[in-house]
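Q: I'd like to go over a predicted model; first the sequence, then the structure.
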Amino acid sequence: MLKCMIDTVKMDGGMMKLWEKAPAKINLTLDVIGKRDDGYHEVEMIMTMIDLADRLSFEDIDENRIILESNSGIVPNDERNLIYKAAQILKTKYQIERGVHIVLEKNIPVAAGLAGGSSDAAAALRGLNRLWNLNLTEVELMKAGEEIGSDVPFCIVRGTALATGRGEKIKKLPPAPPGWAILAKLPIGVSTADVYGALKLEEIKEHPKTNQMIQAIEQQDFLQMSGLLANVLEEVTFRLYPEVKQLKEQLQQFGADGVLMSGSGPTVFALTNKESKMKRIYNGLRGFCKEVYAVRLLR
Ligand SMILES: C[C@@](CO)(OP(=O)(O)O)[C@H](O)COP(=O)(O)OP(=O)(O)OC[C@H]1O[C@@H](n2ccc(N)nc2=O)[C@H](O)[C@@H]1O
Ligand SMILES: Nc1ncnc2c1ncn2[C@@H]1O[C@H](COP(=O)(O)OP(=O)(O)O)[C@@H](O)[C@H]1O
């Protein structure tokens, strides 16, 4: 309980311990504009954070090494973990001769299109910036984040934003209008690289109306925002995993204001700004999908 209220503690001998929250994101829009020579795709997407989060603690240790522990049986605790990568990047770049013990409490489903790993990496950059008194600016943290993954700069900024380039160029937007997202995730993990790899640009039927979505957010128009949800990766993931399409169709029958797959999937979410509807959708969904979350859009 205590750790929920405070985020820094001075331990015996002046050692520090601090905490960071790493929220998940959903894509309100996701458009792919072109394929680049470096293997990435040029995107245009609007993302917003939701109240489903991992929690990380960072503690000084006497040895000069990175120790990572987590309650997740899925993500590795070594240099393959994006948290570990974040710590290594800062240690090398700023010649840090100190060690750290990081504990990850994993609540965000893995490989789900919710940027759990990217948000953990961003939280690690923020947490270590504080623990090691680096005084790095948001822009410097975003730059370090780019080396880890395309979604990491957005996860540094958080809130609601338009992401362009390969996803690393961020323009902040006003917060999304208040409401709930009900998320459903099937027990499959989707590889982002596979989905982008299977995308055929010439087969995109309709591009998201990104400018109209920005206007809906600026005008705090929840219904308009929900009606404009669009993601060009949906068709690709639906082709690879038809059960994700079925789940979306089922979710659409519960009367939400909008339904969409997040990122490369497989998580699908429904939006509503009515508490009674949120409860109805949540309870209805639990009947046929094991992993369901009802969370607020973060403001
Ligand atoms: C699809 C999105 C939408 O928010 O999210 P997720 O579904 O992963 O959450 C992102 O574009 C994912 O960003 P992120 O997960 O950080 O991807 P990265 O680690 O940078 O890249 C993984 C792989 O995806 C492909 N990739 C990624 C980003 C991009 N703009 N074009 C690409 O083609 C590349 O093959 C790359 O090797
Ligand atoms: N801290 C982490 N949390 C989640 N996944 C991680 C982490 N570090 C590395 N990974 C790896 O990154 C991949 C994608 O993870 P994640 O960010 O959860 O999905 P997505 O890109 O779909 O949003 C997984 O294969 C996972 O093993």
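A: All right, it came through fine. Ligands and ions are numbered 1, 2, ... in the order given.
Q: Who are the contact partners of the residue lying closest to residue 40 once chain neighbours are set aside?
A: Using Cβ to Cβ, 6 or more residues apart in numbering and skipping residues adjacent in sequence, the residue nearest residue 40 is residue 166, 4.1 Å away. Where you see a C-beta, it was placed from the backbone N, CA and C, and this is true even at glycine. By Cβ atoms under 8 Å, 6 or more residues apart in numbering, the contact set of residue 166 is 36, 40, 41, 42, 43, 150.
Q: same for ligand 1: which of those are within range?
A: With respect to ligand 1, and counting by Cβ under 6 Å from any ligand atom, the subset of these in contact is 40, 41, 43, 150.
Q: Would you mind listing which of these are buried?
A: Buried members of those, scored by 16 or more other Cβ atoms under 10 Å, are 41, 43, 150.
Q: what's near enough to touch the second one?
A: Put plainly, it is residue 43. 30, 31, 32, 33, 163, 164, 165, 166, 167 are the contacts of residue 43 under Cβ under 8 Å, 6+ apart.
Q: try 7 Å
A: Listed by Cβ atoms under 7 Å, 6 or more residues apart in numbering, the contact set of residue 43 reads 30, 31, 32, 33, 163, 164, 166, 167.
Q: do the same with the last one
A: By Cβ under 7 Å, 6+ apart, the contact set of residue 150 is 166, 167, 168.
Q: What count of nearby residues applies to residue 113?
A: Burial of residue 113, expressed as a neighbour count using other Cβ atoms under 10 Å, amounts to 30.
Q: In space, what's closest to it - neighbours in sequence excluded?
A: Here the residue nearest residue 113, using Cβ to Cβ, 6+ apart, is residue 263, at 3.3 Å.
Q: and if you look at residue 21?
A: Leaving aside its sequence neighbours, residue 21 sits nearest to residue 53 (Cβ to Cβ, 6+ apart; 4.8 Å).
Q: A strand includes that neighbour, no?
A: Yes. Looking at residue 53 with DSSP: H, G, I helix; E, B strand; the rest coil, it is inside a strand.
Q: Mind listing the residues bridging to it?
A: Beta-bridge pairing for residue 53 (DSSP bridges): residue 23.
Q: Same question for the one 5 residues further on.
A: According to DSSP bridges, the partner residues bridging residue 58 are residue 18, residue 102.
Q: Contacting ligand 1 as well, which ones from the contacts of residue 43?
A: 30, 166, 167.
Q: about what we covered before: who touches the residue nearest to residue 113 in this structure?
A: Under the criterion of Cβ under 7 Å, 6+ apart, the neighbours of residue 263 are 27, 30, 113, 115.
Q: Dump the residues you listed to CSV, plus distance to residue 77.
A: Conversion of these to CSV gives the following (distance: Cβ to Cβ, whole Å):
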residue, distance to residue 77
27, 28
30, 31
113, 23
115, 20
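Q: what's the closest of the ones next to ligand 1 among the contacts of residue 166 to ligand 2?
A: Nearest to ligand 2 among the ones next to ligand 1 among the contacts of residue 166: residue 150, at 9.4 Å, using Cβ to the nearest ligand atom.
Q: which phi and psi does the residue lying closest to that closest one once chain neighbours are set aside have?
A: By the measure of Cβ to Cβ, 6+ apart, the closest residue to residue 150 outside its immediate chain neighbours is residue 167, 3.6 Å from it. The phi and psi torsions at residue 167 (degrees, to the nearest 10) take the values phi 120, psi -10.
Q: Sounds good, over and out.
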